[in-house]
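Colleague: coordinates only, no sequence provided:
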């Protein structure tokens, strides 16, 4: 196994987890920045050509986990791995953000759902979608269909 | 920071990294299994309702990294974070797989691009696409356009 190390941190308007929209139909229009440490800045070369990025980050204010979780979207418990709960065996989060611009090691992005100061583990290019007609979304799709 | 721990491992037809299709237009039709450890199996409850899963796993046979990378798809170097190179500061990989069925802790899936025995860190539901008309894919899109 490896030892996780931050490549940067998030500059976010959110300082309180309760203020971050969650659950059914939650939108994340907020803008913020991914501040990449100088030691890793060269790795951003050519990133301006991408519209969307996958950000892997740490749920650094979560502890422990339960295997059954009742998410904000539903009244019934579901398996942890069918949810985006922050309490996981490996507290790694994933957010797709829209890249607005870059200045040196700072990526200005839209779609922030992280707390201010959150540690970033990795950035990857978002390359392709799943064909819409092939996508099924389990209990979440069912709950949405009911509303 | 946290200490990564495997929640399971991949059963894959690939035992040699060179046999895994890479680069432009690479397809991954191969089937395999995600074998989740008994201690985490309950967390898979209700996962059958999802067609696609996000699998986070470890590039456990990679070491070190370079910030500029010449990928198999192009002859020019690009920033590491615009590529899917396995050599990264945090060697975490992400694959979207199609869920075929589940038997206990074993998820049979299509879209395997991992080596046999690869350690799994997390499974998350795949929930939504980026609108196709908003997606730009940087140097990769340019190279594809040339062919």
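Modeller: Alright, I've got the coordinates. Predicted, not measured: the structure shown is a model, and the values here were computed from it.

Colleague: rest of the way, CA atoms for contacts and neighbours
Modeller: OK.

Colleague: what about the spatially most central residue of chain A, helix or strand, and which?
Modeller: Against the mean C-alpha coordinate of chain A, by CA atoms, centre = their mean, the closest residue is residue A:95 at 2.3 Å. Remark: residue A:95 resides in strand A:92-103, with elements defined by DSSP states H and E.

Colleague: got the buried residues for that strand?
Modeller: If you call a residue buried by 16 or more other CA atoms under 10 Å in any protein chain shown, then strand A:92-103 has these buried ones: A:92, A:93, A:94, A:96, A:97, A:98, A:99, A:100.

Colleague: can you narrow those to ones near chain B?
Modeller: Among those, the residues that sit close to chain B (CA under 8 Å from any CA of the partner chain) are residue A:92.

Colleague: about what we covered before: let me know whether the residue nearest to the centre of chain A touches residue A:52 as I believe.
Modeller: No. Using CA atoms under 8 Å, residue A:95 is not in contact with residue A:52; the gap is 10.1 Å.

Colleague: pLDDT on the strand holding residue A:95, on average?
Modeller: Averaged over strand A:92-103, pLDDT sits at 96.

Colleague: helices or strands next to it in the packing?
Modeller: Packing partners of strand A:92-103 (3 or more CA pairs under 8 Å, 6 or more residues apart in numbering or on different chains; DSSP states H and E): strand A:52-58, strand A:106-110.

Colleague: with respect to residue B:28, which of those lies nearest?
Modeller: strand A:52-58 (20.2 Å; CA to CA).

Colleague: after the closest one, which helix or strand is next? Please name it.
Modeller: Per DSSP H and E, the first helix or strand lying C-terminal to strand A:52-58 is strand A:68-69.

Colleague: does the helix or strand that that next one is followed by come close to chain B?
Modeller: Moving toward the C-terminus from strand A:68-69, the first helix or strand encountered (DSSP H and E) is strand A:78-79. Yes. Against chain B, strand A:78-79 shows contacts by CA under 8 Å from any CA at A:78, A:79.

Colleague: which helices and strands does strand A:78-79 pack with?
Modeller: Applying 3+ CA pairs under 8 Å, 6+ apart, we find strand A:78-79 packed against strand A:68-69.

Colleague: residues touching the strand it packs on, excluding its own?
Modeller: Applying CA atoms under 8 Å, 6 or more residues apart in numbering or on different chains, the set of residues contacting strand A:68-69 from outside is A:77, A:78, A:79, A:80, A:83, A:85, B:42, B:43, B:45.

Colleague: which of those residues are buried?
Modeller: If we count by 16+ other CA under 10 Å, the contacts of strand A:68-69 have these buried: A:78, A:79, A:80, A:83, A:85, B:42, B:43, B:45.

Colleague: which ones are touching the residue lying closest to the last one once chain neighbours are set aside?
Modeller: When you say that, I think you mean residue B:45. Nearest-residue entry for residue B:45: residue A:79, 4.3 Å, with adjacent residues in sequence omitted and distances by CA to CA, 6 or more residues apart in numbering or on different chains. Residues near residue A:79 by CA under 8 Å, 6+ apart: A:67, A:68, A:69, B:42, B:43, B:44, B:45, B:46, B:47.

Colleague: can you find the helix or strand of chain A with the lowest average pLDDT?
Modeller: Ranked by mean pLDDT, DSSP states H and E, the helix or strand of chain A with the weakest confidence is helix A:138-146, at a mean of 79.

Colleague: I'd say residue A:28 and residue A:113 touch.
Modeller: Yes. Using CA under 8 Å, residue A:28 makes contact with residue A:113 at a distance of 6.4 Å.

Colleague: hey, what's in contact with both of those two?
Modeller: With CA under 8 Å, 6+ apart, residue A:28 and residue A:113 have common neighbours residue A:21.

Colleague: where does pLDDT dip in chain A?
Modeller: A:24-25, A:147 (pLDDT under 70).

Colleague: returning to what we had before: now flag whichever of the buried ones among the contacts of strand A:68-69 is closest to residue A:132.
Modeller: residue A:83 (20.1 Å).

Colleague: show me the contacts for the closest one.
Modeller: Here residue A:83 is in contact with A:69, A:71, B:124, B:125 (criterion: CA under 8 Å, 6+ apart).

Colleague: make TSV out of those and add distance to residue A:137 and neighbour count.
Modeller: Output for the contacts of residue A:83, formatted as TSV (distance: CA to CA, whole Å; neighbours: other CA atoms under 10 Å in any protein chain shown):
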residue	distance to residue A:137	neighbour count
A:69	17	21
A:71	15	20
B:124	11	20
B:125	8	23
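
Colleague: nearest to residue B:7 among those?
Modeller: Among the contacts of residue A:83, and counting by CA to CA, the member closest to residue B:7 is residue B:124, at 12.5 Å.
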